[in-house]
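Participant: Quick one, structure for this:
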Amino acid sequence: MSDYMIKKLPAVDWQEALPLGNGTVGAMIYGNIQKERILINHERLFRYQKEPIYDPFNKHLNDVRKLMLDGKYDEGEKYFNEKFKECCKEVYNVDPYQPFAELSIFRKPDDAFADYKAVLDFQSAIATVSWMEKNTKIVRESFVSYDTGCICTSMYSSNELPLSIKVNINSVVGGDEYMNSKCEIENDCLIYKAKYKDGKEHGAVVFVKTTGGSVEFGKDSIIIEKAKIINMYTMLYIYEDADKAVNRLIKQIKKYEYNQLKKKHISIWKKLYGSTDLDLYSDNKNLSNEEYLLKAYNDEKPLNLFHTMFNYGKYLFISSSRKNGLPVNLQGIWNGTYNPKWDSDIHNDENVQMCYWASLALGQFDSSMALYDYFDSLIPHFRENAKKIYGCRGILVPICMSTHGKISGMTGRWQSWISAGGWLSSHYYDYWLYTKDDDFLKHRAVRFMKEVVLFYEDFLITGEDGKYIFVPSLSPENVPNVEHASMMCVNATMDIAVAKQSLTNLITACRYLDIEQENLARWEAMLDKMPDYEVNEDGAMKEWLYDDIKDNYYHRHQSHIYPLFPGFEITKENNEKIYNAIKTAVDKRLTIGFVQQTGWSYAHMANIYARLEDKDNAYACLNYILRACTGSNLFTYHNDWRDQGLTVYWFGQHPPFQIDANLGFTAAVLEMLLFSKPGFLRILPALPDQWKKGRIKGIYTRTRTKCDISWDMSGIDITILSLEDQKITIQLPVIPNNINSTCKNIELINTDLQNNYSYYSVELKKDEKCIINVK
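Facilitator: Residues are numbered from 1 along each chain as shown. Got it, this is the predicted structure:
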C-alpha cells in the first residue's frame, strides 16, 4: 500500500519540504545533505496586533437597506464601507501566523552522494532522508513525538561510519524586523530565545546525545565529532517566562531516549491513522513524487498518485488538527514566512470547512474537536460582532480570524457576510450524525445553533409577500449581472440555504432531545417564511432570489450550490426540479474556462460533481489539481506557478501552499465512493471508469455505520457494520443480475432503468456485519 511518498530531490523552499506534526508542533524537513534545515512551527505562534475597536455600526443599517432595496446596490455597498470606516477607532488585520525557528545541521560530506531519497511514511509519521557515500548508507530520521511534542532526529550510517556535524538554531530569515532573538549554550543544551516587540516570548531547547565520538560547545552551536549515532531532541516553549521554561525543558529533555519516544509515537500515531484505507491496485507503487507528477503533468493520470493523495490528506489532517488545539489554518500547521498570504489565518468562507469535510468520514473524531473547541471559545466575541454590526442578538462569525473572533479590518463589504456561523453550525450537527454523541448535541451543537438562529430572528426583515428578505447579503465572492451591481446585494441563495439548514438542524435536534418545546413553533414559522429557490430563464438555479437580480456565470465560486453541497437539502430523490437546475447552474459556470480556477476551487468542484454523480467531471477536477497545483512534496498550491492555462496566474512563480485543496481532494474521493445522509447510503455514486478495480475500507457514515466497498469488473462487495439497530435505504450503481446478502430483510424498492440505478431497503442489527455481494 502507498501510505508513503518518495522524493528524489531535496527542498529548495519550505513549501517543498516534508511535513511532520503532532497537531501542535510542526516541522518541515528540507532533506539537504550538507546543510539540513528543519523549519519549526507552533500552532499558537502569531504576531499579535491590537484587537480592533469600533463603535456600533447598526445605526446605519436602515440606510444601507433602503439603498439596497431601491436597487442602488453599488451605492449601498459604498455607504456601508464609508460608515464602517467611520465607526472603526482602531482597525487591524488578522494576526498573522509565524514561523517559530529553524534548526540547522551542518555536515561536510566525505564524498559525492549517490542514491539520494527522502521518504515520508504516513502510517508512522516519520521522515527519512538517506544517501550513499563511499559505499556507506547515511540516514537522517525525524519525527514529531505525538505525545510530547519533541522534534526528534537521529543520524546514523549502515556500517558505523563516524559522523561529524554542527547544530544550531535561529530565527527564520526576516525575523529581526519583528523580534529580538539569540542562541546560546546553557547546561549542555542549545537555547533559543525570542521576544516580539510586544513582549511575548517563545523559544526552544536542543539537546544532543551520541553513541561514541565527542561533543563540544561553541558560542551558539553544538559540535559533534566522529559519532556512530547522533540523536537530537528539540522542545519548544511559548508565551511563558523564558528562564523558567528553559529550566523546565532542560530537565525534561535530558530524560528522553530516542527509541522509547519513537516506539510510543508510532503506537499512538497508528491508532490515530485508523483503518480507513484506499487501494486502486496500481502497478507502479514505488515511483517518486517527481516521476508521478511528470506523468500527471502530461495527462497520464497515474493511479497511484490519486491513491497517495487520498492517504496524504488524512496524514496532513492528523498532523495539523488536535483536540484542545486550533483548527487547521490555511497552511495546516506549517509556515515559513512572517507575512504569509492571507496571514495563513482561519478562513471561514469555505477554506476551514473544506479542511474538515472528510474528517468525520475518516473516523477522525478526536482530531476534529479542534474545530468545535476553537469556535466555542470565541462565542463572546461573535456576540459582540452581532451586537455592534447589526444590533442583533446571537453570533456573527467573521470571514477570517486567528487569535480572536472580532471583526477585522478587511474591506467593509465582508463585514456584511452573515453565513459563516450557520455554515460552521452544520459541522457541529454533522458530528452528532456520525457519533450520536447526545451530550455533544445538547450542550455544544444546540448551543451553537441557537446562537446562529437567534441572530436570524433579529436580522431578517419581512417583505410584502410575507417572505423574509436577507439584506445586506453576499454570495461569496460573485457579483450579479445587474445595473449598479456590487458584491453586497439582496437575498443571496447561499445565505438563505444556510439559514434554512441551520433552522432545520436545530429543530430536528431539539425534537430528538425533547427540549426547547417553547421555541419550536417560532422556529418552524421562520422556516416557512424562507424564500423559495428559483430557476432562471436558462434553467439554472438562481444565485440571488430577488426581483431583477440576474445571474453572473463568469466566476469560479459556487456559493449558491450550497443546498446540494456541502449542504444536504437538495437531492435528486427529494427535489428533482431544483436538482436539475443545480446541474444546469454548474454547467453554466464552465463558461469561465480554466483560467479563473484555483487548487481549492477544483477540489470544491470535484465534491459538487460527486454529489451530482458526474464521475467524469469529478475525476477531471482531481486530475487538474495534480497537473496544475501540486508541488514536489504533494502540497497543493493556490494556483499553477507555471502559467499553463489551467488556473489563474497569481503571485508569479511563488503561489502559496494552501492545505484546503489537499484535504478537499481526500473529501472528494470519499464523496465519489460513498454518499451518506441519515437513513440513506449511495454506493459508488461517481466512480471513474479509470478506477476499474479498487477497495475503500473503514468509511464512517451519517447512518451510524462503518462501510467497506470493493469493486472490479465482475461486481461490487459491500460490508456494512451498523452501530445501532436500524433500517436504511441503499442506492446501488447498477441493476443487479444477482444479489446475495447476509442481511435480514433486504428488499428491492425501486429501479431507474434510464440511469441503471437500484434502491434497496436493508434491516441492520447493532454490531452485526451485513455483507452484500452484487453481480
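
Participant: In the protein, spot the helix with the most residues.
Facilitator: As assigned by DSSP state H, the longest helix anywhere in the chain is helix 493-513.

Participant: Next secondary structure element downstream of that helix?
Facilitator: Next helix or strand after helix 493-513 toward the C-terminus (DSSP states H and E): helix 517-528.

Participant: just to revisit the earlier point, same for the longest helix of the chain, what does it pack against?
Facilitator: helix 420-435, helix 446-459, helix 517-528 (3 or more CB pairs under 8 Å, 6 or more residues apart in numbering; DSSP states H and E). C-beta: built from backbone N, CA, C; applies to glycine.

Participant: tell me the mean pLDDT over the longest one?
Facilitator: The one in question is helix 420-435. For helix 420-435, the mean pLDDT works out to 99.

Participant: Can I get the helices and strands packed on helix 493-513 in TSV including mean neighbour count and distance to Cys88?
Facilitator: What follows is those, written out as TSV (neighbours: other CB atoms under 10 Å; distance: least, CB to CB, whole Å):
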stretch	mean neighbour count	distance to Cys88
helix 420-435	23	20
helix 446-459	21	21
helix 517-528	13	32
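
Participant: Is it possible to get JSON lines of those that adds distance to Ser368?
Facilitator: Formatted as JSON lines, the helices and strands packed on helix 493-513 follow (distance: least, CB to CB, whole Å):
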{"stretch": "helix 420-435", "distance to Ser368": "7"}
{"stretch": "helix 446-459", "distance to Ser368": "14"}
{"stretch": "helix 517-528", "distance to Ser368": "27"}
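
Participant: Give me the residue ranges of this structure where confidence is low.
Facilitator: For the chain, the stretches flagged by pLDDT under 70 are 1-2, 409-412, 591-593.

Participant: 80 instead?
Facilitator: The chain contains residues with pLDDT under 80 at 1-2, 89-92, 283-285, 408-412, 590-595.

Participant: Identify the residue nearest the geometric centre of it.
Facilitator: Cys355 (1.4 Å; CA atoms, centre = their mean).

Participant: In this structure that one contacts Gln331, no?
Facilitator: No. Taking contacts as CB atoms under 8 Å, Cys355 lies outside contact range of Gln331: 10.7 Å.

Participant: tell me, what's touching these two both at once?
Facilitator: Residues touching both Cys355 and Gln331 (CB atoms under 8 Å, 6 or more residues apart in numbering): Ile659.

Participant: what lines up beside the host helix or strand of Val139 in the sheet?
Facilitator: Assigned by DSSP H and E, Val139 belongs to strand 136-144. The pairing partners recorded for strand 136-144 under DSSP bridges are strand 126-133 (antiparallel), strand 151-157 (antiparallel).

Participant: can you redo these as TSV with distance to Lys263?
Facilitator: Listed next are those as TSV, based on distance: least, CB to CB, whole Å:
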stretch	distance to Lys263
strand 126-133	12
strand 151-157	12
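
Participant: For Ile735, which of the ones you listed is the nearest?
Facilitator: strand 126-133 (47.3 Å; CB to CB).

Participant: Let's see the closest one as CSV, backbone CA atoms only.
Facilitator: In CSV, the C-alpha atoms belonging to strand 126-133 read as follows (Å, rounded to 0.1, in the frame of the first residue of the first chain):
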residue,chain,number,x,y,z
ILE,A,126,8.4,9.5,10.2
ALA,A,127,10.5,11.3,7.6
THR,A,128,13.7,9.5,6.4
VAL,A,129,16.4,11.1,4.3
SER,A,130,19.2,8.7,3.0
TRP,A,131,22.0,8.7,0.6
MET,A,132,25.2,6.8,-0.2
GLU,A,133,28.8,7.9,0.4
